[in-house]
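1. sequence? don't have it. structure:
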């Protein structure tokens, strides 16, 4: 495991060609925070194209603008495919909205098992 960044919103680490992210407990994500997170990710991956597993179990809330931004071409640059992992109903609903309505331009799937997501 190669720790890339740990800040007040998220922890990012890399294992081989997979980039892992996990929100800090009770994370509240607005559009400005989303942009900071993407800029931080882009600066640490340095143009490398990776698979990404996003663990959203600690997410407290995300506004519509931030959700849509995470699905933008800019936000998913350097991501080949995205696995979203959660094990509770509230976060499943957020992930389903993200996939169905924000429509990220990379293959994106929701998983309730971390092992299956990897």
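-> All right, it came through fine. Bear in mind that the values here come from a model prediction, so they are computed numbers and not experimental data.
2. Determine which residue lies closest to the centroid of the chain.
-> Nearest to the geometric centre of the chain sits residue 54, at 4.0 Å (CA atoms, centre = their mean).
3. quick one, phi psi at that one?
-> As for residue 54, its main-chain torsions (degrees, to the nearest 10) stand at phi -100, psi 110.
4. and residue 115, what pLDDT?
-> Residue 115 carries a pLDDT value of 87.
5. Looks like residue 63 contacts residue 69 (just checking).
-> No - in this structure, residue 63 is not within contact of residue 69 by CB atoms under 8 Å, at 9.6 Å. Yep, even glycine has a C-beta here, placed from its N, CA and C like the rest.
6. Give me the common contacts of these two.
-> residue 31 (CB atoms under 8 Å, 6 or more residues apart in numbering).
7. okay, those two: which has more neighbours?
-> Higher neighbour count among residue 63 and residue 69: residue 69, with 22 against 14, using other CB atoms under 10 Å.
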